[in-house]
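Trainee: Need the 3D shape of this:
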Amino acid sequence: MPLSLSLPLARRRHEGRILADFLDNLLPDNPDVRQRWALDAGLSTAESFGLLSEYGQDVAGAMSFRPAGAEVVSAGESVGDDHIADRIRRITDDPTAWHDDAIPPRGQFSLGGAQDKFSLARFGGGWHETRGEMASTHLFKPRVRGVPDGELVEFVVMRALRWLGVPAAGVSIFDHAETHSLVVERFDRRIDPAGEAGPESRIERLHQEDMLQALGLPRLRRFEKDGGPGADEIGNLLSRTSGSSSREQYATALLLSWILLSTDAHAKNYSIFIDAEKVALTPLYDVSSIVPYLVGTKGTDVASFRSRADAASLAVRYGASDLSGSVGRFDLEHIARRAGRPDSWLLNQAELFVTVLPTVISAAAAELPTRLQTDVVARLVEWMPSRCHQIAEQLGLQIL
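Mentor: Predicted coordinates:
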């Protein structure tokens with residue numbers, strides 16, 4: 001099977017821009033993180049290939065990079081809640097502190113994306129720091145920079161998606177010693193209970209790549225407005241490579257991103273599994289909502305809220321515009337047809353979602369520890385009914 005749909009097996013050698021972009025997408029977006037990693041590893045530059053030679057043994061998907069001839073290391077050290085809480089404090093105070101400084105640089109993980117994060121493995125009822133080819137199983141995301149309580153909003157939305165029956169990564173909240181973090185289960189890892197050669201053998205890697213990698217695009221092209229792929233381009237890729245369930249899942253994701261105002265649902269926040277037999281869309285991840293941030297702390301009337309929601313820019317165009325207020329029945333019918341379903345298919349889903357989302361969001365928020373049920377979370381719960389009524393009116397749906 002190929003490492004990427006952009007690197008087909010028909011070619012024996014890959015080089016140039018597409019390969020460089022594929023590798024670059026495996027590393028953090030933050031240039032300060034890359035610079036720190038290069039300095040810690042004694043590298044002269046923060047170039048992608050060099051960084052992956054040091055930090056590429058545990059990356060997204062099933063790949064593992066190390067220098068030719070380097071010793072194969074696979075190790076895990078049990079860590080307790082106090083240690084994890086300390087990791088959370090350090091990365092919160094210093095956004096470049098993704099790694100545990102007590103572990104040598106070579107063999108630590110690399111993860112793409114903009115959010116500050118670190119990874120651990122969970123097996124045998126406990127948490128473990130991983131090194132080398134031992135795969136991690138969970139991502140810790142303590143905060144979303146510039147978005148107060150963004151990690152809590154993401155928790156609520158992701159829990160709600162799973163309750164709605166939408167394939168989505170599992171999430172939980174780590175809460176210890178006045179620190180907390182969103183914890184995301186890696187869907188590109190699977191625990192094999194039959195592993196016999198030690199704990200590390202129980203973690204199976206599943207290969208995946210994000211849509212930018214699949215389409216051979218650089219990480220800066222994630223939003224359509226910045227030259228990235230739109231809904232039609234991603235839909236066409238799925239039509240060429242995947243079954244009907246992936247096309248339908250993507251269409252449903254577009255609908256929910258609009259309803260929830262998950263404005264960060266760009267191409268890098270969709271991924272596909274690749275194996276020897278098929279390509280399939282992975283569960284959804286990084287789904288959130290800007291609804292609580294459209295409301296002032298001193299009160300906002302419904303008309304102002306709706307106006308701000310209409311003016312929100314989505315990650316892709318649903319029709320002629322990327323503005324939320326421009327989406328209508330015709331656009332959803334077009335998306336449904338592209339997924340191979342009748343025109344009314346997404347409209348029927350929309351009617352269900354706007355009916356039950358306020359209740360589901362409220363129930364998911366109630367799962368948070370009491371001290372984390374913040375004003376931002378309360379605004380999400382309070383204003384989701386208004387957002388759902390706005391959608392219903394926009395589509396001409398009847399809800400109670």
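
Trainee: what about Val183, helix or strand, and which?
Mentor: strand 179-185 (DSSP states H and E).

Trainee: Give the next helix or strand downstream of that strand.
Mentor: strand 189-191.

Trainee: where exactly do the strands run in the stretch 251-400 of the chain?
Mentor: 271-274, 279-281 (DSSP state E, counting those that start in this stretch).

Trainee: The stretch 51-200 of the chain now?
Mentor: 74-79, 118-123, 126-132, 138-141, 171-176, 179-185, 189-191.

Trainee: how far is the shortest one from where the chain is centred?
Mentor: Relative to the chain's own centre, strand 189-191 is displaced by 17 Å; criterion: CA atoms, centre = their mean, to the nearest Å.

Trainee: any chance of the strands of the stretch 51-200 of the chain in JSON lines, plus mean neighbour count, mean pLDDT and distance to Ala102?
Mentor: Every residue, glycine included, has its C-beta placed from N, CA and C. Below are the strands of the stretch 51-200 of the chain laid out as JSON lines (neighbours: other CB atoms under 10 Å; pLDDT from 0 to 100; distance: least, CB to CB, whole Å):
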{"stretch": "strand 74-79", "mean neighbour count": "16", "mean pLDDT": "90", "distance to Ala102": "9"}
{"stretch": "strand 118-123", "mean neighbour count": "21", "mean pLDDT": "94", "distance to Ala102": "13"}
{"stretch": "strand 126-132", "mean neighbour count": "21", "mean pLDDT": "92", "distance to Ala102": "8"}
{"stretch": "strand 138-141", "mean neighbour count": "21", "mean pLDDT": "98", "distance to Ala102": "16"}
{"stretch": "strand 171-176", "mean neighbour count": "17", "mean pLDDT": "98", "distance to Ala102": "19"}
{"stretch": "strand 179-185", "mean neighbour count": "21", "mean pLDDT": "98", "distance to Ala102": "18"}
{"stretch": "strand 189-191", "mean neighbour count": "15", "mean pLDDT": "91", "distance to Ala102": "23"}
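
Trainee: right, and those strands - which one's nearest Thr355?
Mentor: For the strands of the stretch 51-200 of the chain, proximity to Thr355 was assessed by CB to CB; strand 171-176 is nearest, at 23.7 Å.

Trainee: Give me the domain ranges for this structure.
Mentor: 17-67+76-205, 208-395 (automatic domain parsing).

Trainee: now the strands of the stretch 251-400 of the chain in CSV, with mean neighbour count and distance to Ser74?
Mentor: Formatted as CSV, these follow (neighbours: other CB atoms under 10 Å; distance: least, CB to CB, whole Å):
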stretch, mean neighbour count, distance to Ser74
strand 271-274, 22, 23
strand 279-281, 21, 28
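
Trainee: related to what we said a few turns ago, can you redo the strands of the stretch 51-200 of the chain as TSV with distance to Leu368?
Mentor: Output for those, formatted as TSV (distance: least, CB to CB, whole Å):
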stretch	distance to Leu368
strand 74-79	24
strand 118-123	21
strand 126-132	21
strand 138-141	15
strand 171-176	6
strand 179-185	9
strand 189-191	25
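
Trainee: ok, now how distant is the residue sitting furthest away from the middle of the chain from Val59?
Mentor: The outermost residue of the chain, judged against the average C-alpha position, is Gly69 (33.8 Å), by CA atoms, centre = their mean. Gly69 is 20 Å from Val59, where distance means CB to CB, to the nearest Å.

Trainee: Excluding chain neighbours, what is closest to Leu215?
Mentor: Leaving out its chain neighbours, the residue that sits closest to Leu215 by CB to CB, 6 or more residues apart in numbering is Pro229, at 5.6 Å.

Trainee: Confirm for me that that neighbour is in contact with Tyr270.
Mentor: No - counting by CB atoms under 8 Å, Pro229 stays clear of Tyr270, with 9.5 Å between them.

Trainee: what residues are shared contacts of these two?
Mentor: Met211 (CB atoms under 8 Å, 6 or more residues apart in numbering).

Trainee: Report pLDDT for Ile203.
Mentor: On the pLDDT scale, Ile203 is placed at 89.

Trainee: my guess is it contacts Phe123, does it?
Mentor: Yes - under the criterion of CB under 8 Å, Ile203 makes contact with Phe123 at 7.1 Å.
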